[in-house]
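S.K.: Test case, fold it:
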Amino acid sequence: MTSLSILPVELWLDIIDILKPSYPDAPVTGVNAAWTKLTSVCYLPPEYPGDRIQLEPWATANQERQVKPRVRSALWDLRLVCKEMDALCTPFLLQELNLLEQDPDMLWEMPTTFAQHIQSMRILLDPFSEEESELEPQYHKRVAQLLGQCPNLSSIALYYRDSATSIALMQDEIFSLLNEGKIHSFGIYSILVLHQDVGSWLWNHIYPTAPSEILEKLHREPHLTQAIRNLDIVAETLTPNAYDAVRMCFPALQRLTLRRGIRSYLGRIWDPDQCNKWHPKPNLTHFHIIDCLAGYAPHIPEIVRHFRALKYLVISTCGDEDDIQPFQRPQGWSSQPDALCQTRSHLESVHIEHMEGWEIRALGIIPTKSVMLSNILSGHFVRALDTDPEIFPGLETIHVLPLYGSDSLTEEDKKLKEIFDSLCKRRKIKVTAEGYHIKPSSGIYGFA
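M.R.: From the prediction side, this is the model:
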């Protein structure tokens, strides 16, 4: 590459980094994929027989975004300069293969020589309409072939529309990659759950095939999970063995997200007959639990106690309407030797969304430097803080939704804001309006 030697390698890499495609709101396993909606022309699966719902437009966790044609990356043009430049740029253009928004036919046109550059794949398992369903086996075989040709693949995200969709024709390749320890990020996502902000009780009778096939295999062969650091499970329901796989396997996890699949029939998250199933996961720093009936608020602090490396916690829309409220803690509880704040380091952040006042008080045992609030019924956090001024030991900052700084606050909200500000000032807590929600809500909520 003599023509490229006029500049240092480091400078070329900086140029490529600036010019390569950038999709800042693309779903990333372990980060935002479990609550990022997708752009697609496909349909949602029926919520009940005969119902067909058009897929909603893409929306990120904290903002809606108009879908516009993506401008071709300048790196595509730079590679046309010469053969040396083509060889230099191509690997950076093909690091991510997105089989969610693109026509499945592109698979037949993709040269297999490009497979060596692919590091991440997002795959829609059932992209075809009912009329074209006979194409699915061929599509799965081609995806399987491609998986087997990607020596540098480290991230797989599988999406399904239909709960009956199977991975049988590509499972050998997936489990082979896991066995080789190449996959560090793995996620499986129900598009139905992703695109409906409010779940339905009808989903409790949906038993998705793909998550069961994968997780029950990993439960039987836990060595396949040794290298996975980021795991997302977004499913209508999970089988007991699938849930056990999540809890008992994956010893190297750094980020874990569970959305909806943990239902009440699996037992509350830290019940006496459940707590011993949780592997300590010594590297786990991020835990997100969303829309899980088994996520009983008084048990979450015990999860924090169990995961010693945990720094970031998200709990959204968890618990059951039949949950029992715990007794109020006595004054001075946070200074007791066995208090959680005395036995472990403070978390960096706790994001609480759509939880009731008594649940917030129960979560208040958790020591944290920062709390983010979203979709909180007006006054519920304020009353929790007023009732128990010790909640969230070490709290320095509270992030609330932009409503807090709005000029359109009602008189009632303005009074609530005065009380909130006074309570925070008493504890020297800084308040910002930089909060955001994980799941949008149609309800009427306040800032705290």
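
S.K.: Show me what stretch 333-343 is in contact with.
M.R.: Contacting residues not belonging to stretch 333-343 are listed as 301, 304-305, 365-367, 390, 393-394 [C-beta atoms under 8 Å, 6 or more residues apart in numbering]. C-beta: built from backbone N, CA, C; applies to glycine.

S.K.: If you count neighbours, what's buried in it?
M.R.: 333-334, 339-341 (16 or more other C-beta atoms under 10 Å).

S.K.: Mind checking which of those residues are in helices?
M.R.: 340-341 (DSSP state H).

S.K.: Closest one of the buried residues of stretch 333-343 to residue 90?
M.R.: residue 340 (51.3 Å; C-beta to C-beta).

S.K.: measure the closest residue to residue 149 other than its chain neighbours to residue 151 for me?
M.R.: Setting aside the residues directly before and after it, residue 149 is nearest to residue 115 in space (C-beta to C-beta, 6 or more residues apart in numbering), at 3.9 Å. Using C-beta to C-beta, to the nearest Å, residue 115 is found at 8 Å from residue 151.

S.K.: And those two? Which one has more around it.
M.R.: residue 115 (19 against 12; other C-beta atoms under 10 Å).

S.K.: So the more buried one sits against residue 145, correct?
M.R.: No - applying C-beta atoms under 8 Å as the test, residue 115 and residue 145 come out as separate, 9.1 Å apart.

S.K.: Give me the pLDDT for residue 215.
M.R.: Reported pLDDT at residue 215 in the predicted model: 98.

S.K.: Next up, the contacts around residue 302.
M.R.: 270, 275.

S.K.: Just the pLDDT for it.
M.R.: We have a pLDDT of 97 for residue 302.

S.K.: what's the helix or strand for it?
M.R.: In this structure, residue 302 sits in helix 300-306 according to DSSP states H and E.

S.K.: Give the buried residues for that helix.
M.R.: Residues of helix 300-306 classed as buried by neighbour count (16+ other C-beta under 10 Å): 300-304, 306.

S.K.: Now do the phi/psi pair for residue 257.
M.R.: Geometry field for residue 257 lists phi and psi as phi -130, psi 130, criterion degrees, to the nearest 10.

S.K.: ok, it touching residue 36?
M.R.: No - Residue 257 is not in contact with residue 36 according to C-beta under 8 Å; the separation is 11.3 Å.

S.K.: These two: who's more crowded?
M.R.: residue 257 (24 against 17).

S.K.: What's the end-to-end length of stretch 292-301?
M.R.: End-to-end span of stretch 292-301 (C-alpha to C-alpha, to the nearest Å): 16 Å.

S.K.: Identify the residues contacting it?
M.R.: For stretch 292-301, the surrounding residues in contact (C-beta under 8 Å, 6+ apart) are 258-264, 266-271, 289, 313, 315, 318-320, 323, 326, 340, 355, 358-360, 362-363, 365-366.

S.K.: Show me how to select, in PyMOL, the buried members of those residues.
M.R.: Buried residues among these (16+ other C-beta under 10 Å), as a PyMOL selection:
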select buried, resi 258+259+260+261+262+263+264+266+267+268+269+270+289+313+315+318+319+323+340+355+358+359+360+362+363+365+366
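
S.K.: Which of the contacts of stretch 292-301 fall in strands?
M.R.: Those of the contacts of stretch 292-301 mapping onto strands are 258-259, 289, 313, 315, per DSSP state E.

S.K.: ranges for the strands of the stretch 1-150 of the chain?
M.R.: In the stretch 1-150 of the chain, the strands defined using DSSP state E, counting those that start in this stretch lie at 96-99, 120-124.

S.K.: The stretch 201-350 of the chain: helices as residue ranges?
M.R.: Using DSSP state H, counting those that start in this stretch, the helices of the stretch 201-350 of the chain run over residues 209-220, 240-248, 300-306, 340-343.

S.K.: Now the second one: average pLDDT?
M.R.: Read that as helix 240-248. 97.

S.K.: Report the backbone C-alpha coordinates of the lengthiest helix in the chain in CSV.
M.R.: If you go by DSSP H, the chain has its longest helix at helix 411-426. Coordinates of each C-alpha in helix 411-426 appear next as CSV, following Å, rounded to 0.1, in the frame of the first residue of the first chain:
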residue,chain,number,x,y,z
GLU,A,411,-50.9,24.8,40.5
GLU,A,412,-51.0,21.4,42.2
ASP,A,413,-47.7,20.5,40.4
LYS,A,414,-46.1,23.8,41.4
LYS,A,415,-46.9,23.1,45.1
LEU,A,416,-45.6,19.6,44.7
LYS,A,417,-42.4,21.0,43.2
GLU,A,418,-41.9,23.3,46.1
ILE,A,419,-42.2,20.4,48.6
PHE,A,420,-39.9,18.3,46.4
ASP,A,421,-37.3,21.0,46.1
SER,A,422,-37.4,21.6,49.9
LEU,A,423,-36.9,17.9,50.7
CYS,A,424,-34.0,17.7,48.2
LYS,A,425,-32.4,20.8,49.6
ARG,A,426,-32.6,19.4,53.1
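
S.K.: Can you give the strand pairings for the next helix or strand after it, parallel or anti for each?
M.R.: As assigned by DSSP H and E, the chain's next helix or strand after helix 411-426 is strand 430-432. In the sheet, strand 430-432 lines up against strand 397-399 (parallel) (DSSP bridges).

S.K.: Pull the contacting residues for residue 317.
M.R.: Applying C-beta under 8 Å, 6+ apart, we find residue 317 in contact with 290-291, 353-355, 375, 439.

S.K.: go again using 7 Å as the cut-off
M.R.: Counting by C-beta atoms under 7 Å, 6 or more residues apart in numbering, residue 317 touches 290-291, 353-354, 439.

S.K.: Among the residues you listed, which one lies nearest to residue 222?
M.R.: Among the contacts of residue 317, and counting by C-beta to C-beta, the member closest to residue 222 is residue 290, at 24.9 Å.

S.K.: partner residues bridging the closest one?
M.R.: According to DSSP bridges, beta-bridge pairing links residue 290 with residue 259, residue 316.

S.K.: Just give me the neighbour total for residue 132.
M.R.: When neighbours are counted by other C-beta under 10 Å, residue 132 registers 11.

S.K.: Please identify the helix or strand for residue 189.
M.R.: Using DSSP H and E, residue 189 falls within strand 185-190.

S.K.: what element comes up after that strand heading to the C-terminus?
M.R.: Once the chain leaves strand 185-190, the next helix or strand it forms, by DSSP H and E, is helix 191-195.

S.K.: and that following helix, C-alpha only, in PDB?
M.R.: Output of helix 191-195 as PDB, limited to C-alpha atoms (Å, rounded to 0.1, in the frame of the first residue of the first chain):
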ATOM      1  CA  ILE A 191     -41.100  -7.700  18.300                       C
ATOM      2  CA  LEU A 192     -44.600  -7.900  19.800                       C
ATOM      3  CA  VAL A 193     -43.200  -7.000  23.200                       C
ATOM      4  CA  LEU A 194     -40.800  -4.400  21.900                       C
ATOM      5  CA  HIS A 195     -43.600  -2.500  20.000                       C
END
